[in-house]
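J.: Got a sequence here, can you build the structure:
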Amino acid sequence: MSNYTLYIDESGVPYSNKADDINNFFCLNGIIIDDNNYQTVCKQWEAIRDIFSTESHRPAMHLEDIKARKAPFNKLKDKNIRNSFNNLYLGFLNTAPIIIISVVLDKKKHLGTYHTPSDIYHFSFWSLLDRYCNFLEGEASLGKVFIETRDNNSNKELKNAFKEYIYTTKLSLPPKIIQKHIDKNLSIYKKRDLIVGIEVADMTARVMKYHALDRNNKVKFNNNGYDYKILQNILPKIRTDPYGKNTTKGYGIVFLP
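T.: Got it, this is the predicted structure:
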């Protein structure tokens, strides 16, 4: 029996008031990795980090810093280095033994649908955990949860929300099933901890959000851009239903009001 870990990061801001554009949608992105495969994943990922590393510093791989060419990612201005990065990154996404599950929530619709709407971050978190637990049940496996830190108060609230999920029925799965498969300790890490699974979640969250929005006719995915190349490599990694129908809807991609 394998053990797994779910690594989580987000795209978007859960509490923004910008409700008429892409900022209205919040994505919580999860990367599932078999613990037996984690060192293999790390070895592939660290080869990408090596491009930007020195003897004294290994940077956190963060999408916004890379897009902004913030040092040391300003090295990407060099065409040869940029090509090397692109080849390694796309190659990683194509071959790494990862499974992706992602929840995208329409904040405006959520707040307008429910008389007492849940905290947007926590509701997305519970929805992601439900899919993870469903996966673990199908694998007859145990799983841990690693997530990137926020501020101290948000971390405290998230730990409480995680405890609620473990011990009470928040969405569809009963505590008996959840406690059988998910470790009761939530692990929270900072960017400087260089947790590879969380970095992969960060680097793929934006594309997963746009993919979900495109499928639900909210935006049009640019089929000629670099994000589309990323999407083509991660599409086979998105979790599908366990019944042979090969659908990701509701399993690997969840779009919520």
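J.: Report the distance from the lowest-mean-pLDDT helix or strand in the chain to the chain centre.
T.: Sorting the helices and strands of the chain by mean pLDDT, DSSP states H and E puts helix 107-113 at the bottom, at a mean of 82. Chain-centre distance of helix 107-113: 22 Å, with CA atoms, centre = their mean, to the nearest Å.
J.: avg pLDDT for the helix or strand just after that helix?
T.: Using DSSP states H and E, the helix or strand that follows helix 107-113 in sequence is helix 120-139. When pLDDT is averaged over helix 120-139, the result is 96.
J.: What of stretch 48-59?
T.: Taken as a whole, stretch 48-59 has an average pLDDT of 97.
J.: With only the CA atoms kept, save the host helix or strand of residue 146 in PDB.
T.: Under the criterion of DSSP H and E, residue 146 resides in strand 142-148. Extracted C-alpha coordinates of strand 142-148, given in PDB (Å, rounded to 0.1, in the frame of the first residue of the first chain):
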ATOM      1  CA  LEU A 142      -3.300   7.000   3.700                       C
ATOM      2  CA  GLY A 143      -2.500  10.600   2.900                       C
ATOM      3  CA  LYS A 144      -0.900  13.700   4.400                       C
ATOM      4  CA  VAL A 145      -1.700  17.300   3.600                       C
ATOM      5  CA  PHE A 146       1.000  20.000   3.000                       C
ATOM      6  CA  ILE A 147       0.000  23.600   2.300                       C
ATOM      7  CA  GLU A 148       1.800  27.000   1.900                       C
END
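J.: next one: that strand to chain centre, how far?
T.: Worked out by CA atoms, centre = their mean, strand 142-148 lies 12 Å from the chain centre.
J.: Pairing partners for that strand, with directions?
T.: Applying DSSP bridges, strand 142-148 is found paired with strand 3-11 (parallel), strand 182-189 (parallel).
J.: Can you classify residue 102 by secondary structure?
T.: strand (DSSP: H, G, I helix; E, B strand; the rest coil).
J.: begin at 540 from here
T.: Got it, the first residue is 540 from now on, which makes the last one we talked about residue 641.
J.: How many residues are close by the closest residue to it other than its chain neighbours?
T.: The shortest distance from residue 641 to any non-neighbouring residue, by CB to CB, 6 or more residues apart in numbering, is to residue 747 (4.1 Å). To be clear about C-beta, it is placed using only N, CA and C from the backbone, and glycine gets the same treatment. For residue 747, the count of nearby residues is 26 (other CB atoms under 10 Å).
J.: list the contacts for residue 747?
T.: 550, 566, 568, 639, 641, 643, 773, 777, 792 (CB atoms under 8 Å, 6 or more residues apart in numbering).
J.: now residue 711
T.: So, once contact is read as CB under 8 Å, 6+ apart, residue 711 ends up touching residue 669.
J.: Could I have the CA atoms of stretch 705-722 written out in PDB?
T.: Written as PDB, here are the backbone C-alpha positions of stretch 705-722 (Å, rounded to 0.1, in the frame of the first residue of the first chain):
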ATOM      1  CA  ILE A 705     -11.700  15.700  10.000                       C
ATOM      2  CA  TYR A 706     -14.200  15.500  12.700                       C
ATOM      3  CA  THR A 707     -17.500  16.800  11.200                       C
ATOM      4  CA  THR A 708     -19.400  16.300   7.900                       C
ATOM      5  CA  LYS A 709     -18.600  19.600   6.100                       C
ATOM      6  CA  LEU A 710     -19.500  18.500   2.500                       C
ATOM      7  CA  SER A 711     -20.200  15.000   1.300                       C
ATOM      8  CA  LEU A 712     -17.900  12.600   3.100                       C
ATOM      9  CA  PRO A 713     -18.500  11.400   6.700                       C
ATOM     10  CA  PRO A 714     -15.800  11.700   9.300                       C
ATOM     11  CA  LYS A 715     -15.400   7.900   9.500                       C
ATOM     12  CA  ILE A 716     -14.200   7.800   5.900                       C
ATOM     13  CA  ILE A 717     -12.000  10.900   6.300                       C
ATOM     14  CA  GLN A 718     -10.300   9.700   9.500                       C
ATOM     15  CA  LYS A 719      -9.500   6.400   7.900                       C
ATOM     16  CA  HIS A 720      -7.500   8.000   5.100                       C
ATOM     17  CA  ILE A 721      -6.300  11.500   5.900                       C
ATOM     18  CA  ASP A 722      -3.600  12.200   8.500                       C
END
